[in-house]
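> Predicted model and sequence follow; I will ask about them next.
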Amino acid sequence: MSILLLIEQILNGLQFGLMLFLISAGLTLIFGVMGIINLAHGSLYMVGAFAAAAGAAATGSFVLGLAAALMAAAIAGVIVEVLVIRRLYDRDHLDQVLATFALILIFSEGTRWVFGSFPLYLDVPDFLSGAVTLPGGIPYPLYRLTIILIGLAVAAGLFLLIAKTRVGIRIRAGESDREMIAALGVDISKLYTLVFALGAGLAGFAGALVGAIQSVQVGMGEPMLILAFVTIVIGGIGSIKGAFVGAILVGLTDTLGRFLLPVLFGAFMEPASANSVGSALASMLIYILMAGVLIFRPTGLYGKA
Amino acid sequence: MTMIRETYVNAAIMLLLLGIPVWAHVAGQPFTITLATKVAILAMAGVGLNIALGLGGMVSLGHAVFFGIGGYSMGILAHHAQTFTPLMEVPLLIEGTKFMPVIWVVAVAVSALVALAIGALSLRTGGVYFIMITLAFGQMFYYFAISWPAYGGEDGLSIFVRNDFPGLNTLVPIQFFAIAFVALSLSLTLSHLIARSRFGLALGAARQNAERVQTVGLDPMRVKLVAFVISGAITGLAGALFADLNRFVAPTMFSWHLSGELIIFIILGGIGRLFGPVVGAGLFILLEHFLGGLSEFWLIYVGAILLGVVLFARGGLIGALSGREVAHD
């Protein structure tokens, strides 16, 4: 095992974690502000990926595809919020789970209906393909490096938005006392729609960025949704900072676990069984991490008790 | 008045579930018997979940774990029996088996143990955390089953001949249905007894107001944990029967879609109702059968129906039939 390979895997874990953050941030904001558990968040991620693939195929431009993803997911978010989510604010979590599970079925089958069952492909654009050499002589794909930078930029932008702008103040106020900010004359229903659209847009954007590395297919959002849940359970529900730390932790643990565990078991087992034991254990690693956090901090690293 | 009406509705449901396969047996329609068996087994899984969800208010989105554990208990034991290899040699010799009662005991014991571990971790928090954590642990088992190659990995395990039950020929559809029907009836009885018992009252109280339960000297978390373990064990037994019905186990038994579907059974039938899961499972299988014949995209209709029920008809089908509003708490 070379140190170069290890650094490459760390960067991959970072990239995975940042994409996970884009999804988790929306999920945790929507829960924090509106008290809604949204299982259909993964579907919005999928909508973004499909919109990017269709947009890029139609226009020939990856950047326009990204814009299409952002728009489509945000619009889908607004429609879902107005038609369904709005009726769920006063309901218990069970109703929210069921209604948003129903939305997953509708989104997934609807997408299959429109695009068929075969995966679509979204190509990395020419100006981002190939590899760059990082300081220290490490070759790394330019596209992955770009989405690491985009992920960091979006995270910074989101923190600024929440901390410094008027909308951010309202969002934070909505998190601490819903009735009070409605009483102060803020149109709470507009704020909710805005937060939901923001979360949806972020998820769709992540779907488009990841879609260029993996294939774009129905059901792609569900594994990401569950990882996002693990992320915000670790970070503490409602906390953007927690979502960031949780996402990076999950991304690094998962990627490095899959890389290192088979090597580790290979030190005292024959290669074939070391590989299977190592990869089986690696697939469980983030859940073990979550269990560990739950034992010591039941409300997550940055959650309110 | 309406309570009595619900009792009649429940009796009619059981007669229907028993009558249809008996008719199908006489008419020589084995496929219909298999569908009814599937309904009975899935209903039993739903009855198990209903103890946690309906009685205890624990929204578990990971109950497929227990269904899968039950399924793999059967799969692994029968696999070793049919390949004549021991399950374990050290420290003690454990052989596989094709004998249903032993398989059931193992399925119940292992799912209860797993439920104890998952419950103890998830009940440290409540509400929305609980939903996400049970979902996440469910996914952990799913990925583990996929990546563990010893028992078929992603392809699952096939069992060539259905397992044995003394005095019955389990390969005859109506006889296997009888086993499933009795198991469902027993789990409904158990669920009814729990709801009426002192433990059931404590559980209902823990759902509604945990602090009050604590002030009368009971530990609400322990009450809920016991209910979660019973719930997981019943769903695990249903999983073992389901695997026997199909003579096949695969990681999809752990899939979180199944966990969602189990909740859908409860909601379609009507939450907080003893027979809700039976009606819900029956409706779901009927929808799958008929809508699945009409359109490849039948789940889109299921989604629309579910959305309609959640947003506009919270009493479910039993609520509509028996005219009783669902109790809010």
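Happy to help now that I have it.

> Buried by neighbour count: which residues of the helix or strand harbouring residue A:259 qualify?
According to DSSP states H and E, residue A:259 maps onto helix A:240-266. Under the neighbour-count criterion of 16 or more other Cβ atoms under 10 Å in any protein chain shown, helix A:240-266 has A:240, A:242-262, A:264-266 buried. For glycine as for every other residue, the C-beta is placed from the backbone atoms N, C-alpha and C.

> How about stretch A:174-181?
A:174-175, A:178, A:181.

> wait, which of the residues you listed is closest to residue B:258?
Distances from residue B:258 to the buried residues of stretch A:174-181, taken as Cβ to Cβ, are shortest for residue A:175 (34.2 Å).

> sorry, back to before: name the next helix or strand downstream of the helix holding residue A:259, please.
For helix A:240-266, the following helix or strand on the C-terminal side (DSSP H and E) is helix A:271-296.

> what distance separates that following helix from the middle of the whole chain?
21 Å (Cα atoms, centre = their mean, to the nearest Å).

> ok, the residue nearest to residue B:40 when sequence neighbours are not counted - contacts?
Once flanking residues are discounted, residue B:40 sits nearest to residue B:180: 4.2 Å by Cβ to Cβ, 6 or more residues apart in numbering or on different chains. Contacts for residue B:180 (Cβ atoms under 8 Å, 6 or more residues apart in numbering or on different chains) come out as B:37, B:40-41, B:44, B:241, B:245.

> Among those, name the ones in helices.
B:37, B:40-41, B:44, B:241, B:245 (DSSP state H).

> Break down the stretch 1-150 of chain B into its helices, ranges please.
B:2-27, B:30-50, B:64-83, B:100-122, B:127-147 (DSSP state H, counting those that start in this stretch).

> so where's the chain uncertain?
Since no chain was named, I'll use chain A. Chain A contains residues with pLDDT under 70 at A:1, A:305.

> think we crossed wires, I meant chain B
B:1-3, B:314-316, B:320, B:322-329.

> picking up where we left off before, could I get the helices of the stretch 1-150 of chain B as TSV with mean neighbour count?
Converted to TSV, the helices of the stretch 1-150 of chain B look like this (neighbours: other Cβ atoms under 10 Å in any protein chain shown):
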stretch	mean neighbour count
helix B:2-27	15
helix B:30-50	25
helix B:64-83	26
helix B:100-122	21
helix B:127-147	23
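
> The ones you listed: which one's closest to residue B:271?
Across the helices of the stretch 1-150 of chain B, closest to residue B:271 is helix B:30-50 (Cβ to Cβ), at 8.2 Å.

> SS state for the residue nearest to residue B:40?
helix (DSSP: H, G, I helix; E, B strand; the rest coil).

> Pull up the gap between the closest residue to chain B within the stretch 101-250 of chain A and residue B:304, please.
Using Cβ to the nearest Cβ, the closest approach of the stretch 101-250 of chain A to chain B is made by residue A:105 at 3.2 Å. With distances taken as Cβ to Cβ, to the nearest Å, residue A:105 is found 8 Å from residue B:304.

> got it, and residue B:69?
32 Å.

> do the same with residue B:239
29 Å.

> now swap in residue A:248 and tell me
To residue B:304, residue A:248 is 39 Å away according to Cβ to Cβ.

> Quick check: buried residues in stretch A:180-198?
Buried-residue list, stretch A:180-198, by 16+ other Cβ under 10 Å: A:181, A:188, A:191-198.

> right, and the pair among those residues with maximum separation?
A:181 and A:197 (18.4 Å).

> The closest residue to chain A within the stretch 201-329 of chain B and residue A:102, how far apart?
When scored by Cβ to the nearest Cβ, the stretch 201-329 of chain B has residue B:303 as its residue closest to chain A, at 3.2 Å. As judged by Cβ to Cβ, residue B:303 and residue A:102 stand 4 Å apart.

> Report the contact partners of residue 136.
The chain I'm using is chain A. Residues in contact with residue A:136 (Cβ under 8 Å, 6+ apart) are residue A:7.

> Switch to chain B, please.
A:226, A:229-230, A:233, A:287, A:290, B:62.

> all strands of chain A, in order?
A:131-134, A:138-141 (DSSP state E).

> Go through those and name the closest to residue A:7.
Among the strands of chain A, strand A:138-141 sits nearest to residue A:7 (Cβ to Cβ), with 5.5 Å.
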